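Colleague: Provided below are the primary sequence and the corresponding predicted coordinates.
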Amino acid sequence: MVRVVVGSSGSKNNADWLHTEEHELSLLVGEDWENRFAINSIDAILAEHVWEHLTYDEGVQAAKLCFRFLKVGGYIRCAVPDAYLPDEAYQNLVKIGGPGPKDHPAASHKIVHTYHSLRSMFEEADYNVKLLEYCDENGKFHYDDWDETKGFIYRSKRFDHRNKDGRLGFVSLIIDATKPFR
C-alpha cells in the first residue's frame, strides 16, 4: 500500500506513511512525482495545512497532478484552515500573509478556504468530495465521523489539544477527495 504525506514538516503522525516535504515532492512539479511514483500507484495522499499555501488555480493544478498518480478509489485527505470558523484569534492566525513575522508558517498563506472553495477546487479536478469537518456560513460546525487510520489530522475536533470543555479552539476544514471509478 502506497500512502504519502505531503508537507509533513517533521510530523510523527501517520508513521507508516511516506513523509515528504515540498523541496522533494512539490505539488506543482510533475517531474517530482514521475521520478518517485508510477501513474495510478498511490492509495492515499494526506495534506494537513498545505493547500492554503497555493492559490485557487495552483490548488486545482496540484489536485490534477495528484489525480494522475492516485489509484482509482484512492483519495486525498486534505485539511486547511476554515474561513468560516467564528473565532477572531483563529482567523488572525490563519489569514493570508499570516499574523506577523515573515518566518511564521502562515506568512505564505495564499487563500483561506470555505467548504465551498475547497470542494469546488477538487471537483474541478474531477474528484468526488466528502466533507468531514467544516463550519458553514453561520459559523455552525459540522462533523462527519472519520477514520483517523486512513489519515490522521491533528488539527481536528477530536485531536487538537486546544479543543476542550466543549469549546473548539482549533479545527480545520477537512475533506476526502476520491478519484472516482469510471
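Modeller: Structure received. Fair warning: this is a prediction, and the values are worked out from it, not measured in the lab. Numbers count the residues shown, from 1 in each chain.
Colleague: going forward, measure contacts and count neighbours with C-alpha atoms only.
Modeller: Will do.
Colleague: remind me, longest helix of this protein?
Modeller: helix 56-69 (DSSP state H).
Colleague: which residues sit against it?
Modeller: Helix 56-69 is contacted by residues 27-28, 30, 33, 37-42, 51, 111, 121-122, 124-126, 179 when judged by C-alpha atoms under 8 Å, 6 or more residues apart in numbering.
Colleague: If you average the pLDDT over it, what comes out?
Modeller: Mean pLDDT, computed over helix 56-69, is 98.
Colleague: Helix or strand next in line after it, which one?
Modeller: Sequence-wise, the next helix or strand downstream of helix 56-69 (DSSP states H and E) is strand 70-80.
Colleague: That following strand - contacts with which helices or strands?
Modeller: Applying 3 or more C-alpha pairs under 8 Å, 6 or more residues apart in numbering; DSSP states H and E, one finds that strand 70-80 makes contact with strand 42-48, strand 173-178.
Colleague: Relative to Arg155, which of those strands is closest?
Modeller: strand 42-48 (7.9 Å; C-alpha to C-alpha).
Colleague: Please list the outside residues in contact with that closest one.
Modeller: Here strand 42-48 makes contact (C-alpha under 8 Å, 6+ apart) with 1-8, 69-71, 73-80, 151, 153, 155.
Colleague: Give me the pLDDT for the residue nearest the centre of the chain.
Modeller: Nearest to the mean C-alpha position of the chain, by C-alpha atoms, centre = their mean, lies Cys78 at 2.5 Å. Cys78 is assigned 98 on the pLDDT scale.
Colleague: who touches it in this structure?
Modeller: Listed by C-alpha under 8 Å, 6+ apart, the contact set of Cys78 reads 46-49, 51, 174-177.
Colleague: how close does it get to Gln61?
Modeller: 15 Å (C-alpha to C-alpha, to the nearest Å).
Colleague: now swap in Tyr154 and tell me
Modeller: 26 Å.
Colleague: what does Arg167 give?
Modeller: For Arg167, the distance to Gln61 - C-alpha to C-alpha - is 36 Å.
Colleague: who's more crowded, those two?
Modeller: Shown here are Arg167 and Gln61; by other C-alpha atoms under 10 Å, Gln61 has more neighbours (20 against 9).
Colleague: before we move on, the earlier item: so which of the helices and strands packed on strand 70-80 is the most surrounded?
Modeller: Neighbour counts (mean count of other C-alpha atoms under 10 Å) averaged over each of those peak at strand 173-178, with a mean of 26.
Colleague: Give me the angle between that strand and helix 56-69.
Modeller: 40 degrees (axes from the mean of the first three to the mean of the last three C-alpha atoms, to 10 degrees).
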